[in-house]
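Q: sequence and predicted model, in that order:
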Amino acid sequence: MMLKPIDTSRPHPARMYDYYLGGKDSYPVDEEAAEQVISFLPAIRIAARTNRSFMNRAARLLADRGVTQFLDIGTGIPTEPNLHQVVQAVNPESRVVYVDNDPVVLRHAEALLRSAREGATKYIEADVREPEKIIEGAKEILNFKEPVALSLVAILHFVSDEYGPYELVNDLLAPLSSGSFLMLSHVTGDFDAVGWAKAVEIYRKSGVPAQVRSREEVAQFFTGLDLLEPGVQIVTDWHPEPGLEFADEQVPLYVGVARKP
């Protein structure tokens, strides 16, 4: 695969997210933008960590329910445990397709995203706004006649309304069989509208079409699906792990998992 050159002239959300998590795979331009966001939204570090924890809990829950195929869009820079490690620990035959549009992510994916011998992983370089390309590539290792878990974790807040995010989710779900799942997380400005307006401005200045959404707007992504309990919730209230403690401040992240009838 011919890799695109890494653009270090502007921040990239995957590298900024890695910085929030305390990773080392960012560039000065990413770190400068991330520090601006942190300066008025210090909870974003907590949101990043709790988001990773949600992804792991949701993936494990679905794997425990017998789902063995996962399509993860907006993968980000690999941070252990990765999704395939979580689900292949439940069933080594699980198959996972990762999708992201940052060449840095691809370089790490090639080196680190190693499947269990019985299963398979694949990486697709694509934008979430390219559903046809994603579906076509995913079909190389996923059987769309069987249930697939579509993971849209911390990605749709980078798809502003002018790009039709609800239609986009429908396009991604449409080819999936009955019994498939959507697992989703999304930042919100419900608890700090001013701070998140500033954050959105930083992302948009770097060319990223960011947009935060309310609980009702996040719930709309699950229209026509059967939400698993406890529905759309703040991340810390969705199947919290025993003994896992969070800061007293509200984590600005809504999450949910739903089944396609």
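A: All right, it came through fine.
Q: SS state for residue 72?
A: The local conformation at residue 72, judged by DSSP: H, G, I helix; E, B strand; the rest coil, is strand.
Q: so where does residue 15 fall, helix or strand?
A: helix 13-20 (DSSP states H and E).
Q: so how far is that helix off the chain centroid?
A: 12 Å (Cα atoms, centre = their mean, to the nearest Å).
Q: which non-adjacent residue is nearest residue 16?
A: Distance criterion Cβ to Cβ, 6 or more residues apart in numbering; nearest residue to residue 16, sequence neighbours excluded, is residue 34 at 4.5 Å. The C-beta positions use only the backbone N, C-alpha and C, and glycine is treated the same way.
Q: wait, I meant residue 102
A: Sequence neighbours aside, residue 14 is the residue nearest to residue 102 in space, at 4.6 Å (criterion: Cβ to Cβ, 6+ apart).
Q: would you list the phi and psi of the residue nearest to residue 28 when sequence neighbours are not counted?
A: With sequence-adjacent residues excluded and distances taken as Cβ to Cβ, 6+ apart, residue 28 is closest to residue 8, at 7.9 Å. Note on residue 8: its backbone torsions stand at phi -100, psi 10 [degrees, to the nearest 10].
Q: same check, this time on residue 252
A: Backbone geometry at residue 252, expressed as degrees, to the nearest 10, gives phi -80, psi 60.
Q: sorry, back to before: in contact with the residue nearest to residue 28, which residues?
A: Shown in contact with residue 8 (Cβ atoms under 8 Å, 6 or more residues apart in numbering): 27, 28, 29.
Q: need the pLDDT of it.
A: For residue 8, the pLDDT comes out at 76.
Q: distance of it relative to residue 167?
A: Counting by Cβ to Cβ, to the nearest Å, the gap from residue 8 to residue 167 is 33 Å.
Q: what residue ranges in the stretch 101-250 of the chain score low on pLDDT?
A: Low-confidence segments of the stretch 101-250 of the chain (pLDDT under 70): 108-116, 242-249.
Q: could you pull out the strands in it for me?
A: Under the criterion DSSP state E, counting those that start in this stretch, the stretch 101-250 of the chain contains strands at 120-125, 149-153, 181-187, 226-227, 233-234.
Q: make TSV out of those and add distance to residue 200 and mean neighbour count.
A: Putting the strands of the stretch 101-250 of the chain into TSV (distance: least, Cβ to Cβ, whole Å; neighbours: other Cβ atoms under 10 Å) gives the following:
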stretch	distance to residue 200	mean neighbour count
strand 120-125	26	20
strand 149-153	19	24
strand 181-187	9	25
strand 226-227	27	12
strand 233-234	20	18
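Q: mind checking these for the one nearest to residue 208?
A: Of all the strands of the stretch 101-250 of the chain, it is strand 181-187 that lies closest to residue 208, at 12.8 Å by Cβ to Cβ.
Q: in terms of secondary structure, what does that closest one contact?
A: Judged by 3 or more Cβ pairs under 8 Å, 6 or more residues apart in numbering; DSSP states H and E, strand 181-187 is in contact with helix 43-64, strand 149-153, strand 253-259.
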